[in-house]
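Asker: Here is a sequence with its predicted model. Questions after.
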Amino acid sequence: MLFLNYWHLFVTGAWVTIWTSTVAFAIGLVLGTLFALARRSRFRVLRLIGTVYVEILRNTPALVQIFIAYFGFASLGFRLPALLAGITALGVNAGAYLAEIIRAGIASVPPGQLEAARTLGLSPVQTFFSVVLPQATRTVFPPVVNQYVETILGSSLLSAISVQELTAEARIVNSITYETLAIFAFAMIFYLILTNLVSFAAAMFSRSFFKPRIATSYKFSIRGSRQLRTGGGRA
Amino acid sequence: MKITSTTAPMRRRAGLLVVVAVALALTGCSVGSGDSGGSGAGSSPSAGDNTDPNHTGSTWADIKKRGIINIAVGLTTPPFGLTDKNGKPSGFDVDVANQLADYLGVKANIFEVSADGRIPALQSGKADLVSFTLTVTPERQQQIDFSDGVIHAYQGVAVKKSSGITSNKQIADKTIAVQKGALGATVAAAAYPNATLQQYDSEVNTILAARQGQADAVVDGIAQLTYNIKDDSSMKLLPGLVAGDSVQSYALGIQKGDDSLTKKVNAFLKQFHAKGEGTKLYKKWFGAEPPADLFKGFEN
């Protein structure tokens, strides 16, 4: 098991994976919210911009988008360092998927809620932040966490533009010791640990934040107690 | 008795079955036999010889039985490996592979791998032979066997003319683009421990990175660098070898312990060099006479 001598390379690679995907996901969240609102706006121009962004970025491969951001822009003279190009491309790509998720979440709030809010005299801004947002967040939370996990996995594509994340380090160690199956299985275990940590943390967070509970992939139960069922998942 | 129409669940199940069947048919049709996938150039042998194209194994007896030799090449390392206008693999290494297959009397199944997929392709048996600018090193000799040498090689450095770099020593603290899994990566890491290495998937990406200014220099085989910057007036080659490197040779990679095939390949290479084929192919692909000692020890 020669490759274990290079375990520190895997650890640095995993760290690069974590922080690049987190920053990319943060960018994606901001972009996703903006474009979700744009797609729901009453101005046709905003709706058009939103649709173009989402459809182009969701229907093209992420690797091609990363190459365009790094090599493509550089050939036009607009040179971005590998990390910046990679994180931006990943973030913009995630933003397109998140825009659709968030748009669906906002649309899932029953129109009766909006009517009731108007009856109560709430302004549109107040309605959005006090009525729509809390309810949309409940719907949107599991798919958004899923998108974060997908961004972590998508960061493996950054190895093509010389970012030394986990997959790149695995390939480099492989070209030193050639223990291919063991090395890539080891890298897979790293990814499994990362993604499960994320899902677990999200489940813990949602447990304390969302009352009543929303369904999560990690289920907690207190044996023998009776709890309010919120639809789906054992209590 | 009334014939009832299909129910919605039944239609859904039927639709799902159709989708699954189509997907299986499509995947069954694809011919992926390389690490990065690529179509094989070999066709099935003509009826009449008793070869079995599905026979597996990489010894000479297996290859003779199968009638096909699987050769892994790189197609992003001009002029050793590239695709021509019609999308077919071509290049110095591809020509060597085709000549070898002709000599052995079998069909060549030539497919593409990346530089860091060369040796795994041999180890996994996907490839019987690798013809992809593979330098002979002691570390690699522990993993695979090598044939006799094909052409001499060493690692050179290319930089942008506008960078003002004039000697190999000056790149010791700069950013160097190298290929993952190629000798340039190891040699540059050993010679310049303080430099930042950018590891790319293919040779063309390393040169692109240097040309665009993402990296200050490229360390790769001297032959590839010479060829790729001869039309590019913005880049130049630095004289001499990278510190710690020595003149070595590219050879054909063969699975470890496969003596029967190695003997055959070495016999091929003996007559290859005797006929001066190396010089002929060099002239064809590089468009110039080879330097005096490029085939020293092979052709004389």
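Answerer: All right, it came through fine.
Asker: and the closest residue to chain A within the stretch 201-300 of chain B, how many neighbours does it have?
Answerer: Relative to chain A, the nearest point of the stretch 201-300 of chain B is residue B:212 (3.9 Å; Cβ to the nearest Cβ). Every C-beta, even on glycine, is put in place using the N, C-alpha and C of the backbone. The burial count assigned to residue B:212 is 18, neighbours taken as other Cβ atoms under 10 Å in any protein chain shown.
Asker: same question, residue A:215
Answerer: Residue A:215: 14 neighbours (other Cβ under 10 Å).
Asker: Any residues of chain B in contact with chain A? List them.
Answerer: With Cβ under 8 Å from any Cβ of the partner chain as the criterion, chain B meets chain A at residues B:115-116, B:119-120, B:123-124, B:139, B:143, B:177, B:180-181, B:185-186, B:198-201, B:205, B:208-209, B:212-214.
Asker: Now intersect those residues with the strands, please.
Answerer: B:177, B:198, B:199, B:200 (DSSP state E).
Asker: In the residues you listed, find the pair that's most separated.
Answerer: B:177 and B:199 (8.2 Å; Cβ to Cβ).
Asker: Touching, residue A:159 and residue A:167? I think so.
Answerer: Yes - shown here, residue A:159 and residue A:167 form a contact pair, counting by Cβ atoms under 8 Å, at 4.6 Å.
Asker: for residue B:239, helix, strand, or coil?
Answerer: coil (DSSP: H, G, I helix; E, B strand; the rest coil).
Asker: Let me see the contact set for it.
Answerer: B:167, B:168 (Cβ atoms under 8 Å, 6 or more residues apart in numbering or on different chains).
Asker: Report the separation between it and residue B:154.
Answerer: The spacing between residue B:239 and residue B:154, counted by Cβ to Cβ, to the nearest Å, is 12 Å.
Asker: neighbours of residue B:267, just the number please.
Answerer: Going by other Cβ under 10 Å, the residues that sit close to residue B:267 add up to 14.
Asker: what's the answer for the one 4 residues further on, then?
Answerer: Other residues within reach of residue B:271, judged by other Cβ under 10 Å, total 11.
Asker: mind listing what it touches?
Answerer: By Cβ under 8 Å, 6+ apart, residue B:271 lies in contact with residue B:103.
Asker: Where does it fall, secondary structure wise?
Answerer: helix B:259-274 (DSSP states H and E).
Asker: Contact partners for the residue lying closest to residue A:169 once chain neighbours are set aside?
Answerer: Once flanking residues are discounted, residue A:169 sits nearest to residue A:13: 3.4 Å by Cβ to Cβ, 6 or more residues apart in numbering or on different chains. Listed by Cβ under 8 Å, 6+ apart, the contact set of residue A:13 reads A:164, A:165, A:166, A:167, A:168, A:169, A:170, A:190.
Asker: and the two most separated of these?
Answerer: A:164 and A:190 (14.0 Å).
Asker: Dump the C-alpha coordinates for stretch B:80-92 into CSV.
Answerer: This file holds the C-alpha atoms of stretch B:80-92, laid out as CSV (Å, rounded to 0.1, in the frame of the first residue of the first chain):
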residue,chain,number,x,y,z
PHE,B,80,3.7,11.7,-31.8
GLY,B,81,0.0,11.3,-31.5
LEU,B,82,-2.8,13.4,-33.1
THR,B,83,-5.9,13.0,-35.1
ASP,B,84,-5.8,13.8,-38.8
LYS,B,85,-8.4,15.8,-40.8
ASN,B,86,-10.7,12.7,-41.0
GLY,B,87,-10.6,12.1,-37.2
LYS,B,88,-8.3,9.0,-37.5
PRO,B,89,-5.4,8.5,-35.1
SER,B,90,-2.1,9.5,-36.7
GLY,B,91,1.4,10.5,-35.7
PHE,B,92,4.9,9.1,-35.1
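Asker: Pull out the buried positions in that stretch.
Answerer: In terms of neighbour count (16 or more other Cβ atoms under 10 Å in any protein chain shown), stretch B:80-92 has its buried residues at B:80, B:81, B:82, B:83, B:89, B:90, B:91, B:92.
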